[in-house]
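Novice: here is a sequence with its predicted model. Questions after.
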Amino acid sequence: MSEQSKHPLISVIVPVYNVEKYLERCVKSILLQTYDRLEIILVNDGSKDGSGKLCDELAKGDPRIVVLHKENGGASSARNAGLDLAHGEYIGFVDSDDWIAPDMYEYCLRAIDAHDAQVVQTECALVRSEAEAVKQEPEQVEVYAGKDILQYYMLSTTRSGGYSVCRCLFARELLMGIRFREGKTCEDIDYKYKALARAEKMVVTNLKKYFYFQSVGSVSTSGLRAKNFDLYDAADELCKLTKDEPYGDIRRLGEIKKARTALAMLSQMAYFGISDPTLDKKTMVKRFTKEHRQNLKLLLGAPIPVSRKLLSVMFAINYQMTELAVKIAKKIF
């Protein structure tokens with residue numbers, strides 16, 4: 001057996017944009033992996049701070065780091081550029097303000113070997129600092145094959161972070177020829193579906209190996225912005241991909257994902273308000289409430305938590321009442 005087959009190269013793609021404050025923490029977590037046959041591709045996506053310079057400095061300290069400087073095109077563009085450079089038999093993604101567990105990739109490779117799989121998905125933890133204690137549950141591993149992979153994935157998109165590519169290690173052949181949609185956010189949603197559609201076997205673990213950093217004012221904890229409308233594009237793409245799929249509930253789950261978009265917009269406004277001055281609250285509430293009411297029946301029959309169904313009913317009845325209830329709940333809890 002060749003050295004390469006025993007110890008395959010893993011390419012880790014890291015889009016970098018104005019993250020000078022966090023970049024070293026991210027890269028350090030990759031450099032200190034217990035599995036060290038890595039190619040770490042830092043794609044400086046036209047950063048305006050010192051991130052580009054820091055990328056070059058980090059590369060001087062370890063030959064496994066490759067740096068690409070490019071004009072700003074967004075995270076999707078940076079990931080695509082990284083894929084063009086990647087040589088690894090396996091490919092992982094890490095966002096530059098996040099970090100990974102020391103054994104993330106060793107664990108994934110062991111799971112791939114043990115189950116003859118092409119992709120492994122770990123659990124992620126939402127954290128606000130490295131010092132934050134993260135509780136790990138007893139290990140549970142599930143293995144999916146064939147169309148059951150897509151069935152599982154579509155169900156997982158009903159949970160937060162279920163569609164992130166950063167939680168996964170992919171065999172290279174799953175990703176070849178697939179591109180992230182550029183100029184948009186939420187691009188993982190349809191990209192991951194396309195990749196998983198090629199997989200014969202997938203391993204899913206409940207162990208938290210990826211740490212998603214949530215800073216104050218991050219996109220996921222801020223008011224509604226024009227960029228959030230990209231979720232419509234992503235949900236529409238996913239719906240198109242699943243509309244002719246007869247297996248299981250895949251097609252229906254695609255419709256549910258699209259139907260949940262208006263609910264997501266209403267929820268973000270109620271929880272965090274509106275951060276974009278170009279968006280008029282009255283107009284947004286009217287638009288999303290009308291759309292949400294049309295989707296209510298589908299959502300009530302969907303495999304989503306009862307709490308979300310209750311919230312769906314409340315938004316359909318009256319947005320202002322629901323917003324007030326949310327604000328009171330936030331103060332209490």
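Specialist: Here it is on my side, so go on.

Novice: for the residue nearest to the spatial centre of the chain, what are phi and psi?
Specialist: What sits nearest the mean C-alpha location of the chain, by CA atoms, centre = their mean, is residue 164, with 2.1 Å. Backbone torsions for residue 164, taken as degrees, to the nearest 10, come to phi -70, psi 130.

Novice: for the closest residue to it other than its chain neighbours, grab the count of nearby residues.
Specialist: Nearest residue to residue 164, sequence neighbours excluded (CB to CB, 6 or more residues apart in numbering): residue 188, at 5.5 Å. Quick note: C-beta positions are derived from backbone N, CA and C, even for glycine. By the criterion of other CB atoms under 10 Å, residue 188 has 25 neighbours.

Novice: and residue 188, how far is that from residue 227?
Specialist: Separation of residue 188 from residue 227 (CB to CB, to the nearest Å) stands at 15 Å.

Novice: over to residue 313?
Specialist: Distance from residue 313 to residue 227, by CB to CB: 28 Å.

Novice: likewise for residue 73?
Specialist: As judged by CB to CB, residue 73 and residue 227 stand 15 Å apart.

Novice: so these two - more neighbours on which side?
Specialist: Each of residue 73 and residue 227 has its neighbours counted (other CB under 10 Å); residue 73 has more, 17 against 13.

Novice: in the stretch 151-300 of the chain, which spans are strands?
Specialist: Shown for the stretch 151-300 of the chain, the strands assigned by DSSP state E, counting those that start in this stretch span residues 168-171, 201-213.

Novice: tell me which residues in the helix or strand residue 124 falls within are buried?
Specialist: According to DSSP states H and E, residue 124 maps onto strand 119-127. For strand 119-127, the neighbour count (16 or more other CB atoms under 10 Å) marks 119, 120, 121, 122, 123, 124, 125, 127 as buried.

Novice: would you confirm that the residue nearest to residue 164 contacts residue 168?
Specialist: No: Residue 188 is beyond contact range of residue 168, at 9.8 Å (criterion: CB atoms under 8 Å).

Novice: could you show me where the helices are in the stretch 151-300 of the chain, in order?
Specialist: Assigned by DSSP state H, counting those that start in this stretch, the stretch 151-300 of the chain shows helices spanning 172-175, 188-196, 230-242, 250-272, 281-300.

Novice: ok, residue 292 - contacts?
Specialist: When contacts are counted by CB atoms under 8 Å, 6 or more residues apart in numbering, residue 292 touches 262, 263, 266, 312, 315, 316.

Novice: for residue 125, same thing?
Specialist: Residue 125 neighbours (CB under 8 Å, 6+ apart): 134, 208, 210, 211, 212.

Novice: which residues touch the second one?
Specialist: What that stands for is residue 208. 101, 122, 123, 124, 125, 134, 136.

Novice: picking that back up, out of the contacts of residue 292, which are buried?
Specialist: The buried subset of the contacts of residue 292 - by 16+ other CB under 10 Å - is 262, 263, 266, 312, 315, 316.

Novice: what's around the closest residue to residue 107 other than its chain neighbours, how many residues?
Specialist: Of all residues not flanking residue 107 in the chain, residue 209 sits nearest, at 6.3 Å (CB to CB, 6+ apart). The tally of other residues near residue 209 (other CB under 10 Å) stands at 22.

Novice: isn't residue 209 right up against residue 121?
Specialist: No: shown here, residue 209 and residue 121 do not form a contact pair, counting by CB under 8 Å, at 9.6 Å.

Novice: find residues that contact each of those two.
Specialist: In terms of CB under 8 Å, 6+ apart, residue 209 and residue 121 are both contacted by the residues residue 167.

Novice: helices and strands of this protein: which one bottoms out on pLDDT?
Specialist: helix 3-6 (a mean of 61; mean pLDDT, DSSP states H and E).

Novice: give the next helix or strand downstream of that helix.
Specialist: Next helix or strand after helix 3-6 toward the C-terminus (DSSP H and E): strand 10-16.

Novice: what lines up beside that next one in the sheet?
Specialist: strand 38-45 (parallel), strand 90-93 (parallel) (DSSP bridges).

Novice: tell me the contacts of residue 64?
Specialist: 31, 36, 38, 39, 40.

Novice: just the endpoints, please. Distance across stretch 209-225?
Specialist: From its first residue to its last, stretch 209-225 covers 30 Å (CA to CA, to the nearest Å).

Novice: what is the mean pLDDT for stretch 171-191?
Specialist: Across stretch 171-191, pLDDT averages out at 94.

Novice: how about stretch 78-86?
Specialist: Average pLDDT, stretch 78-86: 98.

Novice: list the contacts for the closest residue to residue 11 other than its chain neighbours?
Specialist: Of all residues not flanking residue 11 in the chain, residue 88 sits nearest, at 3.2 Å (CB to CB, 6+ apart). Neighbour list for residue 88: 8, 9, 10, 11, 39, 172 [criterion: CB under 8 Å, 6+ apart].

Novice: for residue 66, see how far away residue 88 is.
Specialist: 11 Å.
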